[in-house]
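> Provide a 3D model corresponding to the input given below.
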Amino acid sequence: MKIGRVSHQGRVRMVVVDEASSRVAFIGGSLSNHPNPVQAVIERRITASELDALKEGEASFSEVGFLAPISVPVRNIFAVGKNYTEHAAEFDKSGFNATSSGAAAVPAFPQIFTKATTSLAGPTDDIRFDPAHTASVDYEGEIGVVIGAECRNVAPADALGKVFGLIALNDVTARDLQKNHAQWFLGKSLDTFCPLGPWISTADESPVESLEVRTWVNGELRQTGVLTDLIFDVPTLIATLSRAMTLLPGDIIATGTPVGVGIGQTPPKFLQDGDLVRVAVSGLGELNNRVRTL
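Reported below is the predicted structural model:
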């Protein structure tokens with residue numbers, strides 16, 4: 001199933017998405033007024049058949065506005081740096097990596113960082129920043145993994161069984177802040193720097209081996225990557241994180257971005273006021289975010 005949240009006739013509604021027909025079915029019952037209904041579905045392990053019983057009316061995509069599926073992340077979004085070989089090389093050559101200390105471009109272990117919960121943005125929200133604060137904002141189209149069950153010390157062989165679903169994500173980054181502070185958290189966590197959505201697709205409908213992410217800026221294709229090309233695959237990422245901490249239902253793991261980011265262009269192409277960034281993932285819909293400077 002595909003689930004999300006939309007704005008419709010002045011109300012925020014949880015929906016089940018039929019991508020093939022470009023329609024959504026509204027969910028009523030106890031979830032209709034829940035402040036974070038998609039999170040409730042994940043935590044309560046509500047099934048597709050149970051949601052079917054709560055459907056009350058439907059609308060076309062053109063009649064609704066998609067919102068970030070999770071209204072409040074359970075905690076910071078986990079993210080992985082340098083997880084595609086060609087992107088690892090372009091990042092190290094860019095001059096913006098202040099954390100490498102001469103290490104090999106391709107990391108030996110997953111490089112984990114987080115994005116603040118307040119970086120969350122919807123699939124059509126503006127990406128906003130102050131040019132006096134950062135002059136090198138970049139895009140990173142990614143595929144996110146949503147954890148479905150509390151888990152600790154998960155073996156790689158069991159890891160996919162802990163996945164609720166997949167989601168499209170843009171790990172927007174202020175490269176100068178990333179470099180100047182010699183760590184990634186600040187440059188990744190500006191408000192609106194994590195567009196997410198437009199829906200979460202359960203793992204049975206969007207198997208890992210079928211997923212491809214593509215990113216365009218103003219209609220120019222910049223990135224193409226398939227999830228099976230990750231240096232550290234999804235089971236490895238879940239095993240690594242759960243070895244260090246308990247993962248919670250609703251946790252989001254951004255798996256990494258492929259080659260083609262702005263710092264990889266010659267000369268670098270950073271985002272400017274008015275640019276439109278489009279991120280599309282097979283089966284997971286699209287993000288279309290306009291850049292606006294403050």
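> Residue ranges in the stretch 1-150 of the chain under the pLDDT threshold?
Scanning the stretch 1-150 of the chain for pLDDT under 70 picks out 92-104.
> which residues of it fall in strands?
2-8, 11-18, 23-27, 55-60, 65-67, 77-81, 111-115, 120-121, 127-129, 137-138, 141-147 (DSSP state E, counting those that start in this stretch).
> Go through the fourth one and flag the buried ones.
So the one you mean is strand 55-60. When burial is assessed from 16 or more other C-beta atoms under 10 Å, strand 55-60 yields the following buried residues: residue 59. C-beta: built from backbone N, CA, C; applies to glycine.
> Return the angle between stretch directions for that strand and strand 11-18.
Relative orientation of strand 55-60 and strand 11-18, computed by axes from the mean of the first three to the mean of the last three C-alpha atoms, to 10 degrees: 80 degrees.
> For strand 55-60, C-alpha coordinates in PDB please.
C-alpha atoms of strand 55-60 as PDB (Å, rounded to 0.1, in the frame of the first residue of the first chain):
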ATOM      1  CA  LYS A  55     -12.100   4.600   3.500                       C
ATOM      2  CA  GLU A  56     -14.600   7.400   3.100                       C
ATOM      3  CA  GLY A  57     -14.600   9.100  -0.300                       C
ATOM      4  CA  GLU A  58     -11.800   9.800  -2.800                       C
ATOM      5  CA  ALA A  59     -10.400  12.500  -5.000                       C
ATOM      6  CA  SER A  60      -7.900  12.800  -7.900                       C
END
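> Give me the local confidence score for the closest residue to residue 79 other than its chain neighbours.
Closest residue in space to residue 79, ignoring its immediate chain neighbours: residue 254 at 4.0 Å, by C-beta to C-beta, 6 or more residues apart in numbering. According to the prediction, residue 254 has pLDDT 98.
> Find out how far stretch 159-174 is from the centre of the chain, if you would.
How far stretch 159-174 lies from its chain's middle: 5 Å, per C-alpha atoms, centre = their mean, to the nearest Å.
> again with stretch 178-190
18 Å.
> Would you indicate which residues of that stretch are buried?
By 16+ other C-beta under 10 Å, the buried positions in stretch 178-190 come out as 178, 179, 184, 187, 188, 189, 190.
> Report the separation between the two terminal residues of that stretch.
In stretch 178-190, first residue to last residue: 11 Å (C-alpha to C-alpha, to the nearest Å).
> Verify the stated contact: residue 289 with residue 137.
No - judged on C-beta atoms under 8 Å, residue 289 makes no contact with residue 137 at a distance of 11.6 Å.
> Now do the shared contacts for these two.
residue 127 (C-beta atoms under 8 Å, 6 or more residues apart in numbering).
> need the contact list for the nearest residue to residue 130 once chain neighbours are set aside.
If you skip the residues right next to it in sequence, residue 130 has residue 294 as its closest partner in space, 4.4 Å away by C-beta to C-beta, 6+ apart. Going by C-beta under 8 Å, 6+ apart, residue 294 touches 128, 129, 130, 131.
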